[in-house]
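1. here's a sequence, model it:
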Amino acid sequence: MQPEQLEALAGEVARVIQATVAPLLVRLEALEARPAAIEGPPGIQGLAGAAGEPGAKGLDGAAGRDGRDGQQGAPGARGESGLDGREGTDGTHGKDGVDGVGFDDFEELYDGERTFTRRYRKGDQVKEFVWKTAMDIYRGVYVEGKTYERGDGVTWAGSDWHANETTTTKPGDGSKAWTLRVKRGRDGKDGQDAPGALPVVKVGKR
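-> A predicted model of the protein is given here:
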């Protein structure tokens, strides 16, 4: 039997039971409302009636089905645009800037090594911007006590060294200011007379 049929049968049984019990409940309420009767002489005790058969057990009602989840409602209509804000007041005026230097009065100077200077001139006003590079410049054999700058290269102990920073230290003494760029080569072996070599010819007085 399908759940729908069980549910319908349970409802019909409940309706029949309610219709049968309703008159009995009315009579019971009426008896309870009547006054107690006057006692008379004891009557003859009647015979006990036979016990009635037990009534049939009512059917359990079928469990109701779970309801379905509600669907999400459609989005609401778009609200109206708000009113435009009020126009702000004007800000305070800034201070007048200093007159700039024209590009017609521009110079770029180079000291021949690492320093460049850009000079802007207008009347009595002069502005200079100086910057220094670290280009590689060979300074010859290392001179003890001399100050070397970053980018300087020197020769010392037969090797070529590059300065990483301004320093007065000697290359090869464990100073981090120098980097070995070209290592000195090993000395060659002494030459010997080769077999079949031409005789040495001397020119001049004997």
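
2. from Arg15, how far out is the residue positioned nearest the centre of the chain?
-> Centroid-nearest residue in the chain, with CA atoms, centre = their mean: Pro75, separated by 32.8 Å. Distance of Pro75 to Arg15, given as CB to CB, to the nearest Å: 46 Å. Glycine gets a C-beta too; all of them are placed from N, C-alpha and C.

3. any low-confidence regions in this structure?
-> Scanning the chain with the threshold set as pLDDT under 70 gives 35-67, 98-104, 191-206.

4. domain-wise, how is it divided?
-> Recorded structural domains for the chain (assignment: automatic domain parsing) are 1-30, 103-132, 137-182.

5. of all those domains, which one is nearest Thr92?
-> Evaluated over these, closeness to Thr92 peaks at domain 103-132, with 28.2 Å, by CB to CB.

6. which parts of the closest one are buried?
-> Arg114, Tyr120 (16 or more other CB atoms under 10 Å).

7. what kind of secondary structure is His162 in?
-> Of the three states, His162 takes strand under DSSP: H, G, I helix; E, B strand; the rest coil.

8. I meant to write Phe129 there.
-> strand.

9. how near is it to Phe116?
-> Counting by CB to CB, the gap from Phe129 to Phe116 is 9 Å.

10. ditto for Arg27
-> 124 Å.

11. what ranges do the strands span in the protein?
-> 106-110, 115-122, 125-132, 137-141, 152-156, 159-163, 178-182 (DSSP state E).

12. which residue packs closest to Glu128, ignoring adjacent ones?
-> Arg119 (4.9 Å; CB to CB, 6 or more residues apart in numbering).
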